[in-house]
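Trainee: When you get a sec, could you give me coordinates for this:
(4 chains)
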Number of protein chains: 2
Amino acid sequence: MKKQRLSIPEECRASLTGIADVQEIMGGKWKYLIISNLFFLGKLKFMELCRQIDKISPKVLSKELKDLEINQLVNREICDTKPITVEYELTDLGKSLHNIILEMGKWGITYRNTITKK
Amino acid sequence: MKKQRLSIPEECRASLTGIADVQEIMGGKWKYLIISNLFFLGKLKFMELCRQIDKISPKVLSKELKDLEINQLVNREICDTKPITVEYELTDLGKSLHNIILEMGKWGITYRNTITKK
DNA sequence: GTAATTAGTTACCAAAAAGTAAGTAACTTA
DNA sequence: TAAGTTACTTACTTTTTGGTAACTAATTAC
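Mentor: Numbering: from 1, shown residues only, chains lettered A, B, ... in the order given. So this is what the prediction gives:
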């Protein structure tokens, strides 16, 4: 008898597929942090964002922002200023990640408290 | 004038730190999927979990489970059966990730619907 | 003139993550 | 006896990711 996957409720299957999809889009070290900074601080220029996120390099930030733009989570706007500036902000789709972000923030804070109290 | 970080509300700062912490613990390609499978399906044996998660290899699963055990999100129990079996389940701390998992699942489902409808 | 600002890009290198295939050891089933 | 089950581990290779430093080009401040 060959072993098969467990048969599970369609609801669970759908959730698990959803989670796998989120991982594809939001995978990597930086995406949640970039999205969160834009969520909490609103529209930011490239260098503002770069300074805001500890240890990220412009190369990596640039690449991650491109990925997020492709997936329509972030909008890029070139401003016609003296030294050219570029502003990034969340799209509506990007903003719709707020529940995930808020829950992550809450969990992280609680985790830190439980660990340090021990 | 040297450019500094933006000064932001303490609440935001705390959330952002929390999110960075979550990333440290839950980073990588597989952790959310492992946790989610254990969340939706309950206690699972090593090979059940391995079959359940598409494309994961035993080597990687083994390594990820060790990480999760170290961070006390998963419990490992050796069962005294004929061919030895090992069961994994979420700890209370692991279960406390449920809000994040449920929100990710929801977002992923909605995202897929909006994309495919276009 | 020099340095600093803007937003990146490029080349090069190192480290981390992941994939593949095979092996171990004890036991069961055909 | 041979193959399949359990839970992994090991060695090896490839891919991905990330980091550093330098560079562009235009503009401003000193």
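Trainee: Quick check: closest non-adjacent residue to A:Asn71.
Mentor: A:Ile25 (5.2 Å; C-beta to C-beta, 6 or more residues apart in numbering or on different chains). All C-beta atoms are positioned from the backbone trio N, CA, C, and that covers glycine.
Trainee: what sits against A:Trp107?
Mentor: B:18, B:22, B:96-97, B:99-100 (C-beta atoms under 8 Å, 6 or more residues apart in numbering or on different chains).
Trainee: Among those residues, which are located in helices?
Mentor: B:18, B:22, B:99-100 (DSSP state H).
Trainee: Buried among these? Need that as a selection in ChimeraX.
Mentor: The following ChimeraX line selects those of the ones in helices among the contacts of A:Trp107 that are buried, judged by 16 or more other C-beta atoms under 10 Å in any protein chain shown:
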select /B:18,22,100
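Trainee: Now A:Asn71. Its backbone dihedrals?
Mentor: The phi/psi pair for A:Asn71 (degrees, to the nearest 10) reads phi -90, psi 10.
Trainee: I'd like to know how far it sits from A:Trp107.
Mentor: For A:Asn71, the distance to A:Trp107 equals 24 Å [C-beta to C-beta, to the nearest Å].
Trainee: Check which helix or strand the most centrally placed residue in chain A maps to.
Mentor: For chain A, the residue nearest the mean C-alpha position is A:Tyr32 (2.7 Å; C-alpha atoms, centre = their mean). Element membership for A:Tyr32 (DSSP states H and E) is helix A:31-41.
Trainee: List the contacts of the next helix or strand after that helix.
Mentor: Helices and strands here follow DSSP H and E; after helix A:31-41, the next one along the chain is strand A:44-45. Strand A:44-45 is contacted from outside by A:37-38, A:52, A:85-89, using C-beta under 8 Å, 6+ apart.
Trainee: Now list the buried members of those.
Mentor: Buried among these by 16+ other C-beta under 10 Å: A:37-38, A:52, A:87-89.
Trainee: about what we covered before: so the residue nearest to A:Asn71 sits right up against B:Arg112, yeah?
Mentor: No. Using C-beta atoms under 8 Å, A:Ile25 is not in contact with B:Arg112, being 10.6 Å away.
Trainee: So between the two, which is more surrounded?
Mentor: A:Ile25 (18 against 14; other C-beta atoms under 10 Å in any protein chain shown).
Trainee: can you give me the strands in chain A?
Mentor: All strands of chain A, identified by DSSP state E, fall at A:44-45, A:74-79, A:85-90.
Trainee: Can you tell me the strand partners of the shortest one and which way each runs?
Mentor: Sheet pairing of strand A:44-45 (DSSP bridges) gives strand A:85-90 (antiparallel).
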